[in-house]
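1. the following block contains a protein sequence and its predicted model.
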Amino acid sequence: MYSANLKTRIKDSYDAIADTYAAQFTTANDPIRLDYLNRLVSLLQLNGGEEAAVLELGCGAGIPATEFLLKKDKPVFRVTGNDISTSQLNFARSNLAKYEKRLTLVEGDMLSLSFPKESLDAVTGFYSIIHLPREEQTQLMQNVTTWLKPGGLFLGNFSTEDAATLENEKWLGHEKGWMFWSGWGEEKSVKMVEDAGLNIEVKELRRAEGDAEFVWVLAKKGER
């Protein structure tokens, strides 16, 4: 059972620990994320479009993922970066100021987002969807499929633990770092993506140094 103020608590925690989080995770050297982003870009290049509209769920401070995409010129990316944390988006606004004409930052719960049907070329979610209660993860993936164009791509990672609630009272050693995660586990997470109407292109278990193991999924919406 989740508290009524779950999302507020997550936002407040990320706002409070923004400096600590940025020091530990905001780095251009993130080989796992960049590996998958390179695969995503390669597939989009095969689609042949000159521009690509991408939604990043939980963009944080914008480094490395958002910046990586905005630096590309084939295709030229227009990115909507969403995050629940005001402080994280302030970092992103500063870090990505040179790309402001192709970047839209949207604050709020990712489950409340709304986009026109079949308007996005890709949706990404790195270490972010896992902050939703797992029933909401299922709903979100259905939304993602609706937003993607035929042939559009989803790239994200999910918890390998089958757990309705995972909490840490002082995440990253911060007094105000209470945090929540949830997950269906490896097999059910992959099935969730498939049941939403996406075809799995890549499914891999990867563990960053000193981090938990995640299942990484690159999936494609069917062509008409």
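-> The structure has been received and is ready for your questions.

2. in the lengthiest helix in the chain, what counts as buried?
-> Using DSSP state H, we find that the single longest helix of the chain is helix 31-47. Using 16 or more other Cβ atoms under 10 Å as the test for burial, helix 31-47 gives 32, 33, 36, 37, 39, 40, 41, 43, 44, 47. Where you see a C-beta, it was placed from the backbone N, CA and C, and this is true even at glycine.

3. minimum pLDDT in the residues you listed, which residue is that?
-> Ranked by pLDDT, the buried residues of helix 31-47 bottom out at residue 47 (85).

4. for that residue, which non-adjacent residue is spatially closest?
-> Leaving aside its chain neighbours, residue 47 sits nearest to residue 151 (5.9 Å; criterion: Cβ to Cβ, 6 or more residues apart in numbering).

5. ok, back up a step: include distance to residue 98 when you put the buried residues of helix 31-47 into TSV, please.
-> Below are the buried residues of helix 31-47 laid out as TSV (distance: Cβ to Cβ, whole Å):
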residue	distance to residue 98
32	26
33	21
36	24
37	19
39	26
40	22
41	20
43	26
44	22
47	26
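
6. ok, so of these, who is nearest residue 163?
-> Ranked by distance to residue 163 (Cβ to Cβ), those are led by residue 32 at 22.0 Å.

7. who are the contact partners of residue 117?
-> With contacts defined as Cβ atoms under 8 Å, 6 or more residues apart in numbering, the neighbours of residue 117 are 146, 147.

8. assign a three-state SS to the residue nearest to residue 47, would you?
-> Following DSSP: H, G, I helix; E, B strand; the rest coil, we place residue 151 in the strand state.

9. that one contacts residue 223, doesn't it?
-> Yes: here residue 151 reaches residue 223: they are 5.0 Å apart, a contact under Cβ atoms under 8 Å.

10. out of these two, which sits in the busier spot?
-> residue 151 (16 against 9; other Cβ atoms under 10 Å).

11. check the gap between that one and residue 54 for me.
-> Going from residue 151 to residue 54 by Cβ to Cβ, to the nearest Å gives 14 Å.

12. just the mean pLDDT for stretch 83-94, thanks.
-> When pLDDT is averaged over stretch 83-94, the result is 97.

13. ok, residues contacting that stretch?
-> With contact meaning Cβ under 8 Å, 6+ apart, stretch 83-94 is reached by 7, 10-11, 14-16, 18, 21-22, 26, 58-62, 66, 81, 105, 107-110, 128, 131.

14. can you check stretch 16-30 too?
-> Under Cβ under 8 Å, 6+ apart, the answer for stretch 16-30 is 14, 60-61, 63-65, 67, 85, 87-88, 90-91, 95, 171-174, 176-177, 208.

15. only the buried residues of it, if you could.
-> 16, 17, 18, 21, 22, 25, 26, 30.

16. same list, those, but as TSV with secondary structure, distance to residue 114 and pLDDT please.
-> Shown next, in TSV, are the buried residues of stretch 16-30 (DSSP: H, G, I helix; E, B strand; the rest coil; distance: Cβ to Cβ, whole Å; pLDDT from 0 to 100):
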residue	secondary structure	distance to residue 114	pLDDT
16	helix	28	96
17	coil	29	95
18	helix	26	92
21	helix	27	90
22	helix	29	86
25	helix	28	82
26	coil	28	79
30	coil	29	90
